[in-house]
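Engineer: Below are the sequence and a predicted model for it; my questions follow.
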Amino acid sequence: MIIGERLKKARISKGLSQAELGKLVGVSKVSICGYENGMRTPSFAVLVKIINALDVDLEFLLGYDVPVITEENEEYRIMLAKEDLEIINEIKKHPALYNKLVKSPKRMVEIINRQMTN
């Protein structure tokens with residue numbers, strides 16, 4: 001789960017233990033552990049407190065932290081999860097596959113999915 005991985009990364013980079021972060025946001029160490037391991041999901045109120053305590057963006061926690069298109073004044077900006085960007089970059093290494101996906105994305109994904117399930 002991306003939120004858990006990103007939460008743990010941000011907590012560690014701030015030098016906080018799970019217990020310390022829990023105290024800052026008003027939940028137990030067990031709750032923080034559950035969020036990081038993907039066993040629990042923080043409420044919106046707790047998520048806001050975590051974002052403030054760790055000084056991170058919601059986009060970072062959700063995995064949308066890779067700017068794909070930015071304008072000079074950054075008025076127009078599209079964020080894409082790092083993992084999604086990696087998939088796109090790998091597909092682009094195979095021009096024939098990439099061109100087929102561009103022409104008919106839904107059909108090609110269905111074909112790939114069928115191949116994987118057979």
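Structural biologist: Now that the structure is in, tell me what you want to look at. Residues are numbered from 1 along each chain as shown.
Engineer: Identify the residues contacting residue 60.
Structural biologist: Contacts for residue 60 (Cβ atoms under 8 Å, 6 or more residues apart in numbering) come out as 6, 10. No exception for glycine: its C-beta is placed from N, CA and C like everyone else's.
Engineer: whoops, I mixed them up, residue 3
Structural biologist: Listed by Cβ under 8 Å, 6+ apart, the contact set of residue 3 reads 35, 38, 41, 61-63.
Engineer: Tell me which of these fall in helices.
Structural biologist: Using DSSP state H, the subset of the contacts of residue 3 located in helices is 35, 61-62.
Engineer: picking that back up, tell me the most packed of the contacts of residue 3, by neighbour count.
Structural biologist: Neighbour counts for those peak at residue 35, which has 27 neighbours (criterion: other Cβ atoms under 10 Å).
Engineer: I'd like the ones in helices among the contacts of residue 3 as JSON lines, with pLDDT and distance to residue 15 appended.
Structural biologist: Listed next are those as JSON lines, based on pLDDT from 0 to 100; distance: Cβ to Cβ, whole Å:
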{"residue": "35", "pLDDT": "94", "distance to residue 15": "18"}
{"residue": "61", "pLDDT": "82", "distance to residue 15": "18"}
{"residue": "62", "pLDDT": "79", "distance to residue 15": "23"}
